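[1] Give me the fold of what follows.
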Amino acid sequence: MYDAILFDLDGTLVDTESVAIETGLAAFAQHGHEVSRAFLESLVGTDDLTAEGLIRAALPGIDLAAVSVTHAAAYDRRMDAGLAVKPGVVELLAATPLTAAVVTSSGRVSAHRKLALAGISARFDHVVTREDVAAPKPAPEPYLLAARLPGVPPGRCLVFEDSEPGAEAAHRAGCVVVQVPDVVPSQGRFAHHLASDLLLGARMAGLL
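    Prediction:
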């Protein structure tokens, strides 16, 4: 039924979205900007350039470079203290011999660092990052590339995503989409299967 499984990274494989939001709230506040949790949640699943544009539109005149340095330092400290994988990741990766790839809006260095910290790098045949595409999620290009690398038709790729932009990207690419929402609830508008965890989603999609 499937020839490859493709995974988003943040919020799907590794538990980073909640950390990013918590450290982000503190960083904005430290520089005199009180932003809401809902605002930072609205950025989940977007690439850095898109997020930057949305932040500048909401907070004209912000010294975003300074906020970003503070945020990155706090985020890195949390990552270095230990990066947990999401429930079901280890079991799911062990249960299937299919070609596996990561498709993320993170940069290349950041993506590989997270995979290494989580101890799951070796299981993935390909890692598609923001730097590998011209148009990031919700455009379909990242998932089209992830299917093309192992020579698999998109329709035979099973995708696991947590965010709406990611699910939209995979849906537009023609993949089968399992959405497991993380910090932001979803009605699964772009998902073929909406699940509470990865293993349930895999069963719903007929993978397990």
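[2] Looking at the protein, which helix is longest?
    helix 64-80 (DSSP state H).
[3] Quick one: distance of it to the chain centre.
    Offset of helix 64-80 from its chain centre (C-alpha atoms, centre = their mean, to the nearest Å): 18 Å.
[4] That helix packs against which elements?
    Using 3 or more C-beta pairs under 8 Å, 6 or more residues apart in numbering; DSSP states H and E, the elements in contact with helix 64-80 are helix 17-30, helix 48-58, helix 108-118. Backbone N, C-alpha and C define where each C-beta goes, glycine included.
[5] Quick check: what element follows it along the chain?
    helix 89-95 (DSSP states H and E).
[6] Tell me the buried residues in that following helix?
    For helix 89-95, a neighbour-count test (16 or more other C-beta atoms under 10 Å) marks 89, 92-93 as buried.
[7] quick one: which of these is nearest residue 105?
    Of all the buried residues of helix 89-95, residue 105 sits closest to residue 89, with 18.6 Å by C-beta to C-beta.
[8] Now do residue 58 against residue 196, distance only.
    As defined by C-beta to C-beta, to the nearest Å, residue 58 lies at a distance of 31 Å from residue 196.
[9] number of nearby residues for residue 206?
    Counted by other C-beta atoms under 10 Å, the residues lying close to residue 206 total 11.
[10] Is it in contact with residue 176, as I believe?
    No - between residue 206 and residue 176 there is no contact under C-beta atoms under 8 Å: 9.2 Å.
[11] For the helices and strands packed on helix 64-80, please prepare a markdown table with the additional fields distance to residue 192 and mean pLDDT.
    Below are the helices and strands packed on helix 64-80 laid out as a markdown table (distance: least, C-beta to C-beta, whole Å; pLDDT from 0 to 100):
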| stretch | distance to residue 192 | mean pLDDT |
| --- | --- | --- |
| helix 17-30 | 22 | 91 |
| helix 48-58 | 25 | 92 |
| helix 108-118 | 25 | 95 |
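[12] Rebuild those helices as a markdown table, extending it with mean neighbour count and distance to residue 181.
    A markdown table is the format used below for the helices and strands packed on helix 64-80 (neighbours: other C-beta atoms under 10 Å; distance: least, C-beta to C-beta, whole Å):
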| stretch | mean neighbour count | distance to residue 181 |
| --- | --- | --- |
| helix 17-30 | 18 | 10 |
| helix 48-58 | 14 | 19 |
| helix 108-118 | 18 | 20 |
